[in-house]
Every structure is written in C-alpha cells, then in structure tokens.
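Engineer: Fold the following.
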Amino acid sequence: MELTEPFRDLLRPLGLDLYDLEFSAGTLHVTVNSSEPLDVERLSDATRTLSRWLDEHDPIEGRYVLDVSSPGLERRLRTPEHFSSAVGEVVTLRQRRSGEPTRRLQGVLRSANATTLSIDDTTLGLLDVPLDDIERARTVFEWGPAPKPTGAKTPTPSRSTPSPKG
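Structural biologist: Coordinates of the predicted model:
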C-alpha cells in the first residue's frame with residue numbers, strides 16, 4: 001500500500017507537511033515539516049494520528065517501529081523536491097563517479113530539477129551533478145556569524161614595560 005498520500009492527508013489538518021517517508025531495518029521513518037516551529041507536542045499528535053491509521057489499515061506486514069521526527073537543522077536530501085526546496089542553501093553531498101573514487105562536494109545549491117542539480121562547490125566551482133549519482137546529501141547548518149576575511153594582519157604595536165635593574 002502506498003503511504004505517501006494517506007499520510008499527507010492525515011498530517012495536513014495538523015498543520016504539518018510530509019517531508020520524507022522511508023521504511024528501513026524494521027522502522028517506518030516519517031519526517032514532517034511545518035512553517036511553524038515544531039515541538040514535542042506537535043510531533044506526538046502526528047505520531048498518534050499516524051499510529052491510529054496504521055492500526056486500522058495494517059499496511060505493513062509484521063512488526064515495525066513508527067518514528068516521527070522533524071528534518072532537523074541539517075536535513076537529509078533524497079528526492080528532487082528536497083533538492084528544489086534547498087536551492088540557495090549550503091549543502092554537502094557524496095557523488096558516485098563511474099570508474100573513479102566517490103567525490104565529496106560542498107557549496108551553495110544553485111538549482112535543481114527532476115534529474116540534475118547545480119552546486120557551486122567551494123573548491124571546484126559550479127558543477128552539474130545528476131541526481132542518480134548522489135550517494136547521500138544533506139543541508140549544512142553554519143553556526144554563528146560568517147568568519148572574518150583572512151589576509152595580511154597589521155602588526156599591533158607592543159608595549160614594553162621597563163625591567164628593574166638589579
């Protein structure tokens with residue numbers, strides 16, 4: 001059973017959007033997003049709502065764990081929609097390359113469509129990367145103000161204290 005549309009419909013009245021949905025290692029990971037701040041109470045409401053629906057419809061065979069969370073400060077990027085929503089942000093990704101080692105890129109995501117993204121890598125400059133070549137990707141949260149530019153420093157005059165003669 002496809003869960004994306006039913007989950008979107010269930011989350012919408014709670015003021016939440018379905019960001020991602022993945023079943024892995026016995027856990028149904030549901031990531032929700034909102035234009036309002038997400039707190040534990042809103043995530044608990046979403047968990048109860050989805051859990052009730054899952055109990056009624058029983059779409060997954062066997063035992064599993066339901067995990068409902070927010071994307072966090074550093075969001076995982078998997079789908080074309082995820083990449084499109086991150087345009088203008090700093091992202092980091094691992095690119096698989098045929099016959100060559102995997103390459104790590106980091107920089108501002110300039111554009112993204114259904115098949116390709118364009119990243120302004122801090123070292124290599126502007127690159128187009130096919131989405132199918134991306135092993136994993138996420139946004140990067142940068143703490144604090146931007147670093148000050150480095151360059152030649154002007155020497156600071158030193159003060160000397162006369163030493164006593166002995």
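
Engineer: Now do the longest strand anywhere in the chain: everything it contacts.
Structural biologist: Using DSSP state E, we find that the single longest strand of the chain is strand 100-112. Identification of contacts with strand 100-112 by CB atoms under 8 Å, 6 or more residues apart in numbering yields 80, 83-84, 86-97, 117-122, 124, 126-127, 129, 131, 135, 140. (Glycine included, C-beta is placed from N, CA and C.)

Engineer: what ranges do the strands span in the protein?
Structural biologist: 17-24, 27-33, 65-69, 90-97, 100-112, 116-121, 125-130, 134-139.

Engineer: Please save the CA atoms from the longest one in CSV.
Structural biologist: Spelled out, it's strand 100-112. Output in CSV follows, covering the C-alpha atoms of strand 100-112 (Å, rounded to 0.1, in the frame of the first residue of the first chain):
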residue,chain,number,x,y,z
GLU,A,100,36.6,7.0,-10.2
PRO,A,101,36.5,7.4,-6.4
THR,A,102,33.5,8.9,-4.8
ARG,A,103,33.8,12.7,-4.6
ARG,A,104,32.6,14.9,-1.7
LEU,A,105,31.2,18.3,-2.7
GLN,A,106,30.1,21.2,-0.5
GLY,A,107,28.8,24.6,-1.5
VAL,A,108,25.7,26.6,-2.4
LEU,A,109,23.0,24.7,-4.2
ARG,A,110,22.2,26.9,-7.2
SER,A,111,19.5,25.0,-8.9
ALA,A,112,17.7,21.6,-9.0
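
Engineer: got the angle for it vs strand 125-130?
Structural biologist: Angle of strand 100-112 versus strand 125-130, following axes from the mean of the first three to the mean of the last three CA atoms, to 10 degrees, is 100 degrees.

Engineer: re the thing from before, of the contacts of strand 100-112, buried ones?
Structural biologist: Buried members of these, counted by 16 or more other CB atoms under 10 Å: 83, 86, 90-93, 95, 117-119, 121, 129, 131.
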